[in-house]
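Enquirer: no sequence for this one, just the structure:
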């Protein structure tokens, strides 16, 4: 084993509601393997960027879910990108950039088959793979196109539109639906201003007491062609669930599509908001469909090709909230817990990521002068 230790954030107890002070603990007892310590086919990855996502707290609780709960004493699950720093696999070279479910830790060790080599799109960086080219961007792409079946001229409503998925859904909706309406909700005047500047027909602060009135009125306003709306939505891309979902169930056009992407308003609630208006799905002949981005894994290249071109052409802008970069008291993986709590408190704009390492192999191998790393 090397002299380096691996800082890990492990699950210590299961919260009944929001994350509690004793939910996680920091462990620094594990030594980082060297190449000599590895079995054939294994690699060591030094983590660079960790993705923080609102759905993470659902992985802490023992109920039926699309993934099993994180085990007590185990490293907290998370998507991340990093670089190979030791390898006993001919297909994985030291210095190669990879992605995988590496978790809240500085180093990941395991079979190389659980890593995926990053494809270098023009102008892309490793960080993009935990943002617009990662699960956030792919969720937005497949959710809007395949589940939402967006058409030009639609009235589209997007909740949580300033979040990591919502901010991409919003821009895709504007690009794919230039003749229709794109109406968004967010949790602060600053976020709403940003969404309006993107070109949204309306951006409504859900903390306003009259948000229902504002949202209903926005769906009746004229679209870009001058056509008055009827007050109903064709596509509702739901990132928040709860009260807003119930409201939108009563505001659907015939054959509307509700995209069930997330329910951040209920994730930490001991008593989720009761949905009452679901019968409207019958009378409007609408659909409400949930999905998980992993079901589109065989088409990830399609989504990444599309999104990377938009990024290169300047048609897709992405916002980042970076924690762990030394600008606050918490550094590296130790910032994960506070960063996740920030999602539920609305402190983030766009994607929240944890900066663990800058990817500088020269610095890693020689503990010398830093240089930036690019794909």
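Expert: Received it, and whenever you're ready, just let me know what you need. Owing to the predicted nature of the structure, the values given are computational and were not obtained by experimental measurement.
Enquirer: Okay, now the unreliable bits of the chain?
Expert: Confidence mapping of the chain against pLDDT under 70 gives the ranges 268, 270, 326-330, 361-375.
Enquirer: Would you mind finding the longest helix in it?
Expert: Longest helix in the chain, counting residues (DSSP state H): helix 300-312.
Enquirer: What are the buried residues along that helix?
Expert: 300, 303-304, 306-308, 310-311 (16 or more other Cβ atoms under 10 Å). In this view, the C-beta of every residue, glycine as well, is placed from N, C-alpha and C.
Enquirer: Helices of the stretch 201-350 of the chain, start to end?
Expert: 211-218, 242-249, 264-267, 280-283, 300-312, 336-345 (DSSP state H, counting those that start in this stretch).
Enquirer: got it, and the stretch 51-200 of the chain?
Expert: Per DSSP H, counting those that start in this stretch, the stretch 51-200 of the chain carries helices over the ranges 135-142, 166-176, 189-198.
Enquirer: how about these in CSV, adding mean neighbour count and distance to residue 44?
Expert: Putting those into CSV (neighbours: other Cβ atoms under 10 Å; distance: least, Cβ to Cβ, whole Å) gives the following:
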stretch, mean neighbour count, distance to residue 44
helix 135-142, 26, 24
helix 166-176, 25, 32
helix 189-198, 17, 39
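Enquirer: how about these in a markdown table, adding distance to residue 242?
Expert: Output for the helices of the stretch 51-200 of the chain, formatted as a markdown table (distance: least, Cβ to Cβ, whole Å):
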| stretch | distance to residue 242 |
| --- | --- |
| helix 135-142 | 19 |
| helix 166-176 | 15 |
| helix 189-198 | 18 |
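Enquirer: Tell me which of these sits nearest to residue 315.
Expert: Distance to residue 315, taken as Cβ to Cβ, is lowest for helix 166-176 among those, at 6.5 Å.
Enquirer: just so I know, which of the helices of the stretch 51-200 of the chain lies nearest residue 292?
Expert: It is, among these and with distance given as Cβ to Cβ, helix 135-142, at 8.6 Å.
Enquirer: Now do the closest one: distance to the chain's middle.
Expert: Computed by Cα atoms, centre = their mean, to the nearest Å, the separation of helix 135-142 from the middle of its chain amounts to 8 Å.
Enquirer: Next, the angle helix 166-176 makes with it.
Expert: 30 degrees (axes from the mean of the first three to the mean of the last three Cα atoms, to 10 degrees).
Enquirer: name the helices or strands packed onto helix 135-142?
Expert: Applying 3 or more Cβ pairs under 8 Å, 6 or more residues apart in numbering; DSSP states H and E, we find helix 135-142 packed against helix 166-176, helix 300-312.
Enquirer: Export the ones you listed to a markdown table and append columns for distance to residue 82.
Expert: Formatted as a markdown table, the helices and strands packed on helix 135-142 follow (distance: least, Cβ to Cβ, whole Å):
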| stretch | distance to residue 82 |
| --- | --- |
| helix 166-176 | 23 |
| helix 300-312 | 18 |
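Enquirer: And the helices of the stretch 51-200 of the chain: which comes nearest residue 12?
Expert: Per Cβ to Cβ, nearest to residue 12 of these: helix 135-142, 25.9 Å.
Enquirer: Break down the stretch 51-200 of the chain into its strands, ranges please.
Expert: 80-87, 97-100, 107-111, 116-117, 155-158, 181-186 (DSSP state E, counting those that start in this stretch).
Enquirer: Would you mark the buried spots in stretch 249-264?
Expert: Residues 249, 251-253, 256-264 are the ones in stretch 249-264 that count as buried (16+ other Cβ under 10 Å).
Enquirer: from those residues, which ones fall inside strands?
Expert: Here DSSP state E is the test, and these give 252-253, 256-260 as lying in strands.
Enquirer: wait, which of those is closest to residue 17?
Expert: Distances from residue 17 to these, taken as Cβ to Cβ, are shortest for residue 260 (22.2 Å).
Enquirer: one step back: save the buried residues of helix 300-312 as TSV, and put in distance to residue 339 too.
Expert: TSV is the format used below for these (distance: Cβ to Cβ, whole Å):
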residue	distance to residue 339
300	25
303	25
304	25
306	28
307	24
308	26
310	26
311	23
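Enquirer: Next one: the spatially most central residue of the chain relative to residue 54, how far apart?
Expert: Geometric centre of the chain, nearest residue: residue 136, 3.9 Å, by Cα atoms, centre = their mean. Distance from residue 136 to residue 54, counting by Cβ to Cβ, to the nearest Å: 11 Å.
Enquirer: Please identify every residue contacting each of those two.
Expert: By Cβ atoms under 8 Å, 6 or more residues apart in numbering, residue 136 and residue 54 have no common neighbours.
Enquirer: okay, now the closest residue to residue 221 other than its chain neighbours: neighbour count?
Expert: Nearest-residue entry for residue 221: residue 229, 6.0 Å, with adjacent residues in sequence omitted and distances by Cβ to Cβ, 6 or more residues apart in numbering. The tally of other residues near residue 229 (other Cβ atoms under 10 Å) stands at 20.
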